[in-house]
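no sequence on this one, just coordinates:
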């Protein structure tokens, strides 16, 4: 079952110090941000709380604040209940450089080993911490002198993190993704997924599924060239998923494999509280069947296909 584990940000009251900045005056405290660990093995149905929290560090008079704050980040938290988001051994290759409002941080290769949620949280900790310093509008992070391929986030701004309301907070979720087993049937791979502000959780889940498994012995036979075109959820709980033509044209063989692919999608999406069934579309049209399963009406999850 999908569980909303934690908001990536604290409440706006917690972040207000970062918005206003606490950098005025030598020796005043800065909020240094770290992650709040949680137990993914908890049996609780739902756990909510902040994923980031801060502790106050004071910069000695005369010390350069950007370099001091980065060293504070990399040295780890002093407070109980906080954890460092950085891989062991991560260090600065050179002091931060501030130019035209952009602070460039140069880190060692260990930082480049982060990905997905872990990378996002580490990025947020750096951005929230450094953007308090006067003159810093954005942060760029280099690993061994090269920019990590962030896509649209080559520069991290405080506005990328601070949100207007609790309802808009990004969350990360623990989700069960269903993949095919090499020995037959379906198997579950549990994954932590970041749902950015404004994103549709169902789309995030499906894209994570389509990216393939991380567990050896599992696979997903997505036809070559098949792409997700659209996804929406009706008020009755039906999730409509529309793929490009190759999804149908390249239907896996044998039929049993195509059937498992179909239910890997259905089972994954139906763990969401607002999804009770899935309707398959190809180029916006409903195919007659897929994997021998009639698809002209919505499909409900089939847990009988899951092999322990």
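Good, I have the coordinates. These numbers were taken from a predicted model, which means no experiment stands behind them.

from here on, contacts and neighbour counts on C-alpha atoms
OK.

List the buried residues of stretch 99-112.
102-109, 111-112 (16 or more other Cα atoms under 10 Å).

How far does that stretch stretch from one end to the other?
23 Å (Cα to Cα, to the nearest Å).

Tell me which residues are up against it.
86-98, 135-145, 148, 155 (Cα atoms under 8 Å, 6 or more residues apart in numbering).

and if we set it to 6 Å?
90-94, 96-97, 135-144 (Cα atoms under 6 Å, 6 or more residues apart in numbering).

For the chain, just list every one of the helices.
12-20, 65-75, 116-130, 201-210, 246-249, 255-269 (DSSP state H).

With mean pLDDT as added columns, please give these in JSON lines.
Formatted as JSON lines, the helices of the chain follow (pLDDT from 0 to 100):
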{"stretch": "helix 12-20", "mean pLDDT": "33"}
{"stretch": "helix 65-75", "mean pLDDT": "96"}
{"stretch": "helix 116-130", "mean pLDDT": "88"}
{"stretch": "helix 201-210", "mean pLDDT": "91"}
{"stretch": "helix 246-249", "mean pLDDT": "95"}
{"stretch": "helix 255-269", "mean pLDDT": "96"}
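
Of all those, which one is nearest residue 286?
Closest to residue 286 of those, according to Cα to Cα: helix 246-249, at 10.5 Å.

hmm, back to that, which ones among the buried residues of stretch 99-112 are found in strands?
102-107 (DSSP state E).

mind putting those in TSV, distance to residue 78 included?
Output for those, formatted as TSV (distance: Cα to Cα, whole Å):
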residue	distance to residue 78
102	28
103	25
104	25
105	23
106	24
107	22
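
Out of those, show me where the pLDDT dips lowest.
Lowest pLDDT of these: residue 102, 90.

in the sheet, who's paired with it?
residue 99, residue 138 (DSSP bridges).

quick one: it and residue 133, what's the gap?
In terms of Cα to Cα, residue 102 sits 11 Å off from residue 133.

can you check residue 216 too?
Counting by Cα to Cα - residue 216 and residue 133 are separated by 46 Å.

Repeat that for residue 93.
Residue 93 is 20 Å from residue 133, by Cα to Cα.

what does residue 60 give?
For residue 60, the distance to residue 133 (Cα to Cα) stands at 14 Å.
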